[in-house]
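1. here is the input, now give the coordinates:
(chains A, B and C)
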Amino acid sequence: MLTALIIGIGFGFALEQGGFSSSRKLAGMFYGYDTTVLKVFFTAAIVALIGSQFLGYFGLLNLNQVYVNEFYVTASIIGGVIMGGGFIMGGFCPGTGLCAMSIGKIDAMVYILGGLTGAFLFAETYPMIEKMATANYRGPVKINEALGMSAGLFTLILVAAAAAMFWFAEKAEKKFARPDITNEIK
Amino acid sequence: MKTLKKYRYVLAAVVVIAVMVLIRAFNPGSFRYDAAKWAEPSVTGRNIVTPENLPEIGDNILFVMLDTECQAPDIPGADKLSVDPADLLSGEIIRKIRKSKGPVVLCSEDVSISSRVWMALSEMGIRKLHILKNPV
Amino acid sequence: METRKQLTVLLLLLSLILALLPLTANRSFKGRPAALLEGVLQSETSFSADQVAGFIVNEAGDVQLFDLRPSVEYGQAFIPGAVSVPYAGFIRTDPDTWLRDRNKKMILYSSDDTEAAAAMTYARGLGYDNTFFLRGGMEEWIKTVSSTEFTGERLTARENALLETRRKAAGMYNELRSLPDSLKAKYLESKKFSARKLDGGCQ
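-> Presented below is the predicted three-dimensional model:
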C-alpha cells in the first residue's frame, strides 16, 4: 500500500511537472502543435519496458506476477473511440484529469465528475451491454507473443519506432506551431 | 573521439549493464537463466537411462557414483567417479563433470538422490546429464 | 537537445542488448548452488508414507498434497486430499500458482521418487522452502498404508497407533477409489486448483 502511495505521488508530481495539467497541452497532441504527451508517455513506457525486462533477467522481478490486461477487441475499439473523443473534447485523460483537479482546475473537476458518471452508467447498464463488452475475447495477450517474436526483439523495434516517432513529432510541431498558445506553455 | 567523449556516460552505463548480463549468463558457479528450460529434459524423460539403453546415449560415459551401493555397469570406455553428494560442487569434481567428453550418468541406490542432484546440476547449465534408473 | 540524443542512444543500446538475450517470463533459481544442494539432500525434505497418513487422518490444515502423475492415473486413484498437477505443468508453469501459501507444507508425490524429488528441488531452487516430497511415492503409499496387515500375536502401543493410522488412511483412500464415476468426478472437480487471477488494470 505504501509503495503504491509513493509511486502515485511520484506519478502525479511528474505529470504536473511536465505541464500535463494544462488541457491545451493535451489537446495540442491532436492538433499537432504540442507533442509533449506523446514524448513523455512513450518515453515512460519504453523505460518501464526496458527496466522491467532487465529486472526480470536479473531475478529481481517476477514478470509472471505483472498484470497483463485482458483483451476484448470490441470493447477496446468502442472504449478507445469514446476515450479519444472525450480526450480531445475535454482536453484531459483520467490520470491528467485527476492531476489537474488536484491543483483546483474547475474544468478538470467537471471532467472527472463526467468520468465518474460514465463509470456509474456503465455499471448500471452492464447487463444490457455485457454481450458487447465481452465479445471477441483474446485473453491476456502480449504483443510480442501475438507477433511471434522474443520480448527483447520487440523492445528494440519499439524503441526504434519511438525514436522515429519523436523525430516526426518534432517536425509536426514546427509545421503546426501556434505561436500565441505555445509561448504561454513552458 | 569527440563523439565518444560526448557519450561517455551513456557508454559507461551500457558497459556496466553488458558486464552484468555477461556475468549472469556465463558464471559457472551460479544458476542459469530460465529454470524451466534447464529442467525440460526431466519433463520429456530424456534424462532417465536404464542399464539396457546405456549404449544409446553415447560413448565416453562418466559414471558419477553418489553412494557405495550404486550398481554402475561395466561399459567399455566408461569412467567412474565416486563422490559424496555433499562434495559434488567442490572445484575438482565439478570441473571433471563439465569437461567430460561424453554423457554423465548419476548413479545412486536411492534414485531420489540422483534426481535431486540432476536438477541442481542441470540448473547450473550442465547438459548431457542422466539418471541411472534400474527397471522395476 | 543533447540530453535527448544521449537518452535515445542509451535506450537504443540497452534494447539492443535485450534483443540479443533469450528472454522468457520464466523464473530462475536463486542463491548459490552449494547451498541448494546441501539443503535438498537433507532428510527433512521428505516425509514417509506413515507421516503423510498421519496428516490425512488428523486432517492437518497446514498440509497440501500434490499429485505429479498424469491426470489419468490421478483419476484412477490418489492419496486423499491431493490435487492433480502433472509434472510437466508443474515445471513449465510458474509454481507460484500452487505453492503461494507459505504457511502450508507442500508435499509432492509421483509414482516413485524420481519426479517428486526433482520437483521438490526445482521448487526449493525457486525459493519455495516449504516444499517436500513423499518418499517412495504412490508405490510406497500402496505398500505401506493401503496394503497394511497385522501379522503376529502382540503389538506395542506404538505399533498399534501406527496400524490404526494406516487403517484409517487406507479406509479413506479406498472409499475415494470406490466412488461411482459421477461422484468421483464431482469430488475431483472440487479439488481442482484454479490459478488465482491477479487483480489489476487501471486507467
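
2. what about residue 113, neighbour count?
-> I'll assume chain A. When neighbours are defined as other Cβ atoms under 10 Å in any protein chain shown, residue A:113 has 12 of them. C-beta: built from backbone N, CA, C; applies to glycine.

3. if you could check chain B rather than the one you did, that'd help
-> Residue B:113 has 21 nearby residues by other Cβ under 10 Å.

4. in a helix, it, correct?
-> Yes - assessed with DSSP: H, G, I helix; E, B strand; the rest coil, residue B:113 lies in a helix.

5. got the residues of chain A near chain C?
-> A:43, A:46-47, A:50, A:53-54, A:56-57, A:59, A:62-65, A:67, A:69-70, A:93-95, A:150-153, A:155-156, A:158-160, A:163, A:166 (Cβ under 8 Å from any Cβ of the partner chain).

6. where exactly do the strands run in chain B?
-> B:48-49, B:62-65, B:79-82, B:104-107, B:129-132 (DSSP state E).

7. helices or strands up against the helix or strand harbouring residue A:119?
-> Using DSSP states H and E, residue A:119 sits within helix A:106-133. Contacts defined by 3 or more Cβ pairs under 8 Å, 6 or more residues apart in numbering or on different chains; DSSP states H and E place helix A:106-133 against helix A:73-90, helix A:94-102.

8. buried residues in that helix?
-> A:108, A:111, A:112, A:115 (16 or more other Cβ atoms under 10 Å in any protein chain shown).

9. hmm, back to that, among the helices and strands packed on helix A:106-133, which comes closest to chain B?
-> Smallest distance to chain B across those (Cβ to the nearest Cβ): 29.3 Å, for helix A:94-102.

10. quick one: the closest one to helix A:73-90, angle?
-> Counting by axes from the mean of the first three to the mean of the last three Cα atoms, to 10 degrees, helix A:94-102 lies at 30 degrees to helix A:73-90.

11. rewinding a little: contacting chain B as well, which ones from the residues of chain A next to chain C?
-> Contacts with chain B within those, counted by Cβ under 8 Å from any Cβ: A:54, A:57.

12. so residue C:15 versus residue A:50, what's the distance?
-> Distance of residue C:15 to residue A:50, computed by Cβ to Cβ, to the nearest Å: 6 Å.

13. between those two, which contacts overlap?
-> Contact criterion Cβ atoms under 8 Å, 6 or more residues apart in numbering or on different chains; residues bridging residue C:15 and residue A:50 by contacting each: A:155, A:159.

14. hmm, back to that, relative to chain C, which of the buried residues of helix A:106-133 is nearest.
-> residue A:115 (10.9 Å).

15. could you report the pLDDT at residue 108?
-> Chain wasn't specified; assuming chain A. Confidence at residue A:108, expressed as pLDDT, is 91.

16. try again with chain C
-> 97.

17. so which of the residues of chain A next to chain C are in strands?
-> Using DSSP E, none of the residues of chain A next to chain C sit in strands.

18. what ranges do the helices span in chain C?
-> In chain C, the segments counted as helices under DSSP state H are C:2-20, C:33-40, C:49-57, C:71-76, C:87-92, C:96-99, C:113-125, C:137-141, C:157-177, C:181-191.

19. now chain B
-> Remark: helices assigned in chain B by DSSP H are B:2-6, B:8-26, B:35-44, B:91-99, B:111-122.

20. and chain C, which residues reach chain A?
-> C:7-8, C:11-12, C:14-16, C:18-25, C:27-28, C:30, C:94, C:96, C:198-201, C:203.

21. let me know which of the helices of chain C is tucked in deepest.
-> Here the criterion is mean neighbour count by mean count of other Cβ atoms under 10 Å in any protein chain shown, and of the helices of chain C the winner is helix C:113-125, at a mean of 27.

22. what's that helix packed up against?
-> Counting by 3+ Cβ pairs under 8 Å, 6+ apart, helix C:113-125 packs on helix B:35-44, helix B:111-122, helix C:33-40, helix C:87-92, strand C:105-109, strand C:131-134.

23. buried residues in the fifth one?
-> Pointing back at strand C:105-109 there. C:106, C:107, C:108, C:109.

24. which residues touch residue 113?
-> In the absence of a named chain, chain A is used. Going by Cβ under 8 Å, 6+ apart, residue A:113 touches no other residue.

25. look at chain C instead
-> Contact partners of residue C:113, counting by Cβ under 8 Å, 6+ apart, are B:110, B:111, B:112, B:115, C:133, C:135, C:136, C:137.

26. where does the prediction get shaky in the chain?
-> Using chain A here. A:179-186 (pLDDT under 70).

27. wrong one, I was asking about chain C
-> Counting by pLDDT under 70, the ranges of chain C that qualify are C:149-153, C:191-203.

28. ok, now chain B?
-> Across chain B, the ranges flagged by pLDDT under 70 are B:136.

29. spell out which parts of it neighbour chain A.
-> Going by Cβ under 8 Å from any Cβ, the residues of chain B near chain A are B:17, B:20, B:21, B:24, B:33.

30. what domains does the record give for chain B?
-> The record's domain parsing of chain B by automatic domain parsing lists B:1-30, B:31-132.

31. run the contact check for the first one versus chain C.
-> Yes - part of domain B:1-30 sits close enough to chain C to count as contact by Cβ under 8 Å from any Cβ, namely B:6, B:7, B:9, B:10, B:13, B:14, B:17, B:18, B:21, B:25, B:29, B:30.

32. show me the contacts for the third one.
-> Spelled out, that is residue B:9. For residue B:9, the contacting residues are residue C:6, by Cβ under 8 Å, 6+ apart.

33. pick out the most distant pair among the residues of domain B:1-30 next to chain C.
-> B:6 and B:29 (38.6 Å; Cβ to Cβ).

34. and those two? which has more neighbours close in?
-> Higher neighbour count among residue B:6 and residue B:29: residue B:6, with 14 against 11, using other Cβ under 10 Å.

35. what distance do you get for the more buried one to residue C:1?
-> Residue B:6 is 12 Å from residue C:1, by Cβ to Cβ.

36. how about residue A:21?
-> Counting by Cβ to Cβ - residue A:21 and residue C:1 are separated by 25 Å.

37. out of those two, which sits in the more crowded spot?
-> Legend: neighbour count by other Cβ under 10 Å for residue A:21 and residue C:1, higher for residue A:21 (23 against 6).

38. and what about the more buried one, helix, strand or coil?
-> Residue A:21 is classified as coil under three-state DSSP.

39. the closest residue to it other than its chain neighbours: how many residues sit nearby?
-> Spatially, and ignoring its direct neighbours in sequence, residue A:21 is nearest to residue A:100 (4.0 Å; Cβ to Cβ, 6 or more residues apart in numbering or on different chains). For residue A:100, the neighbour count with other Cβ under 10 Å is 25.

40. distance of the spatially most central residue of chain A relative to residue A:29?
-> Note on chain A: the residue nearest the mean C-alpha position is residue A:41, at 6.5 Å, using Cα atoms, centre = their mean. Distance from residue A:41 to residue A:29, counting by Cβ to Cβ: 10 Å.

41. ok, back up a step: can I get the helices and strands packed on helix C:113-125 in JSON lines with distance to residue B:130?
-> Listed next are these as JSON lines, based on distance: least, Cβ to Cβ, whole Å:
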{"stretch": "helix B:35-44", "distance to residue B:130": "9"}
{"stretch": "helix B:111-122", "distance to residue B:130": "8"}
{"stretch": "helix C:33-40", "distance to residue B:130": "18"}
{"stretch": "helix C:87-92", "distance to residue B:130": "17"}
{"stretch": "strand C:105-109", "distance to residue B:130": "22"}
{"stretch": "strand C:131-134", "distance to residue B:130": "20"}
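
42. the ones you listed: which one's closest to residue B:91?
-> Residue B:91 sits nearest to helix C:33-40 of all the helices and strands packed on helix C:113-125, at 11.2 Å, using Cβ to Cβ.

43. what's that closest one packed up against?
-> helix B:111-122, helix C:113-125.

44. put the alpha carbons of the longest one into CSV.
-> Coordinates of the C-alpha atoms in helix C:113-125 are reproduced here as CSV (Å, rounded to 0.1, in the frame of the first residue of the first chain):
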residue,chain,number,x,y,z
ASP,C,113,10.7,-40.7,-6.2
THR,C,114,12.2,-39.6,-9.5
GLU,C,115,9.8,-36.8,-10.4
ALA,C,116,8.8,-35.8,-6.9
ALA,C,117,12.4,-35.3,-5.7
ALA,C,118,13.2,-33.4,-8.9
ALA,C,119,10.1,-31.2,-8.4
MET,C,120,10.9,-30.6,-4.8
THR,C,121,14.5,-29.5,-5.7
TYR,C,122,13.0,-27.3,-8.5
ALA,C,123,10.6,-25.6,-6.2
ARG,C,124,13.2,-25.0,-3.5
GLY,C,125,15.5,-23.6,-6.1
